[in-house]
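> here you go, sequence then predicted model.
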Amino acid sequence: MSKKIASARITTQSSELLKELNNSLPFDKVLYREDIRGSLAHALMLSEQGIISQDDYSKIKDGLNQVLKEIESGDFSLDGDDEDIHMAVERRLTEIIGDAGKRLHTARSRNDQVAVDFRMYVLRHNKEIAKLLSELINSLLNKAKDNSDTLLPGMTHLQHAQPINLAYHLNAYSSMFKRDLERFLSSYERNNLSPLGCAALAGTPHPIDREITAKELGFKEPTLNCLDSVSDRDFALEILFNIATMMMHISRLSEELILWSTSEFGFVRLSDKHATGSSIMPQKKNPDIPELLRGKTGRAYGNLVSLLTVMKGLPLAYNKDTQEDKEGVFDSVKTAELSLRVLKEMIDEMSIDKEAMQEACMKGHLSATDLADWLVREVGLPFRDAYHIVGNVVNKAEELGKDISQMSLKELQAVDKRIVNEAVSILDNHSSMNARASEGGTATSKTKEQIERIEKWLKSLEI
Ligand code: ARG
């Protein structure tokens, strides 16, 4: 019976059931690059500090590079019986280089090893997701540029409210995704600290230099407190929260695309690439892609709540519970990256029916507020009185089977004599949209300013 490399005291073979519960290799094998990189940095530092010999270091270095090659070529399979990726790499290294391999774990524990590996993975994906978000925002801006004059019924309570333009609506999503992107980058900055060298929980009596490994692995500096560093997982919670919030935004946009592509709205047509058919109804084209994006938001929330729950009762420092941190993060990262790629492609390729949008603005008396504002401004009425007069105007329009923007001066004056010709032009939906030229408003001029500002910010990003 071969002795497990990580147990000096356990002499019997592990039960098969324990292995199934305990082994994380089936999922943490995706961390093999980070694990080997972390070990290379650790071995370099050990040799620079005179803790291992130069000779052992070069054997470890060559050996680790060989393990990497073997994993990538498939010669070393990560489907074996090892407990986790750390044990698998160390075992294979020792098989290749012999005794020098056994020195690698000096001044290190799997507790700081997993913390550094996982942190490198999470940091890398904070950046990757930020990059994909910047590409999505770029696509939204491109669509917006062509549509700062495209009328669209702005809604509240999913009821027609006031006329806006399509670019303004898209800018709202760009603003959400901008905040999302900033969250990923700020998580990156905050967590860009190396836990390597923290050992099991309390540091090590060996004369290590954590600055060396931190620099070597691209971290800003080592973490402050070892007890915290081997047990905290808020860097993972942050990416889960960032993804959950971003998916919520993706889900809202998806919901609008689903609505907009119905025959009731008919505002957009998704490319055939992003629609699917029905197995029974030959006429159908279904928006499965935005539906899936909306649906996948559920698992992103679940992964966040799951890790928050894992962490809530843990005493310091490392506990095996935290092995449950990985699968949810891997799943959320994969979901987020795929969703962003698909959404960008869908936005690039969807077509917009400007006429249908404009026509929809003729329903719902969108410019009613403009008439009330005009009565306040030009006639000097208190807003509440003006509001009631316009209520009567809307009733009249309904009686006539018209939209308020189609009423003649005579029809308007039948409700209130003080309404003059000038008021007729402000009822036009275009004028109404352009009248909202206050900061952050929907007027085409303001919408264009917003596009420019987001674009400038996007160009200034260094990801
Ligand atoms: N596979 C473990 C994890 O993912 C590695 C750390 C194990 N540490 C320990 N003391 N058993 O958390």
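Arrived safely, thanks for sending.
> what does the stretch 51-200 of the chain have sitting close to the ligand?
84, 110-111, 114 (Cβ under 6 Å from any ligand atom). C-beta here means a position set from N, CA and C on the backbone, and glycine is covered the same way.
> if we use 5 Å, what do you get?
Proximity of the stretch 51-200 of the chain to the ligand, by Cβ under 5 Å from any ligand atom, involves residues 84, 110, 114.
> who wins for most neighbours among these?
Neighbour tally across those (other Cβ atoms under 10 Å): the maximum, 26 neighbours, falls on residue 114.
> which ones are touching it?
28, 84, 86 (Cβ atoms under 8 Å, 6 or more residues apart in numbering).
> one more time with 7 Å, if that's ok
Contacts here follow Cβ atoms under 7 Å, 6 or more residues apart in numbering; on that basis residue 114 touches residue 86.
> for this protein, which residues score under the pLDDT cut-off?
1-6 (pLDDT under 70).
> now do the strands in it.
Secondary structure of the chain (DSSP state E): strands at 151-156, 159-165, 193-194, 221-222, 268-269, 351-352.
> comparing the ones you listed, which comes out most buried?
Most buried of these by mean neighbour count (mean count of other Cβ atoms under 10 Å) is strand 193-194; its value is a mean of 22.
> contacts for it, please.
Residues from elsewhere that reach strand 193-194, judged by Cβ under 7 Å, 6+ apart: 116, 210, 213-214, 217, 219-223.
> then stretch 196-209?
By Cβ under 7 Å, 6+ apart, stretch 196-209 touches 38, 42, 45, 49, 51, 106-109, 111-112, 116, 210, 213, 222-223, 226-227, 229-230, 317-318.
> what about burial for those residues, which qualify?
Neighbour-count burial (16 or more other Cβ atoms under 10 Å) is assigned, among the contacts of stretch 196-209, to 38, 42, 45, 51, 106-109, 111-112, 116, 210, 213, 222-223, 226, 229-230, 317-318.
> ok, and the closest non-adjacent residue to residue 59?
residue 100 (4.0 Å; Cβ to Cβ, 6 or more residues apart in numbering).
> roughly how far does that neighbour sit from residue 52?
Residue 100 sits 8 Å away from residue 52, going by Cβ to Cβ, to the nearest Å.
> same question, residue 428
Distance check for residue 428 against residue 52: by Cβ to Cβ, it reads 80 Å.
> those two - which one has more neighbours?
Using other Cβ under 10 Å as the criterion, residue 428 and residue 52 rank with residue 52 on top: 22 against 16.
> number of nearby residues for residue 363?
Look at residue 363: counted by other Cβ under 10 Å, it has 10 neighbours.
> from the ligand, how far out is residue 453?
44 Å (Cβ to the nearest ligand atom, to the nearest Å).
> ok, that residue - contacts?
Under the criterion of Cβ under 7 Å, 6+ apart, residue 453 has no neighbours.
> again with the one 10 residues further on
Residues in contact with residue 463 (Cβ under 7 Å, 6+ apart) are 127, 130-131, 134.
> just residue 84 next, same as before
Residue 84 touches 23-25, 28, counting by Cβ under 7 Å, 6+ apart.
> ok, which pair from the residues you listed is furthest apart?
Farthest-apart pair in the contacts of residue 84 is 23 and 28; separation 9.2 Å (Cβ to Cβ).
> for residue 321, which residues are in contact?
Going by Cβ under 7 Å, 6+ apart, residue 321 touches 310, 314.
> my error: substitute residue 326 in the last question.
27-28, 118.
> state the distance from it to residue 229.
17 Å.
> go on, residue 272?
51 Å.
> likewise residue 54?
For residue 54, the distance to residue 229 equals 29 Å [Cβ to Cβ].
> for residue 299, same thing?
Counting by Cβ to Cβ, the gap from residue 299 to residue 229 is 29 Å.
> do residue 425 as well
The separation that residue 425 has from residue 229, given Cβ to Cβ, amounts to 67 Å.
> repeat for residue 13
For residue 13, the distance to residue 229 - Cβ to Cβ - is 33 Å.
> repeat that for residue 358.
Taking Cβ to Cβ, one finds residue 358 at 58 Å from residue 229.
> tell me the contacts of residue 80?
Neighbours of residue 80 in contact, by Cβ under 7 Å, 6+ apart: residue 88.
> same question but for residue 445, I mixed them up
Counted by Cβ under 7 Å, 6+ apart, residue 445 has contacts residue 437.
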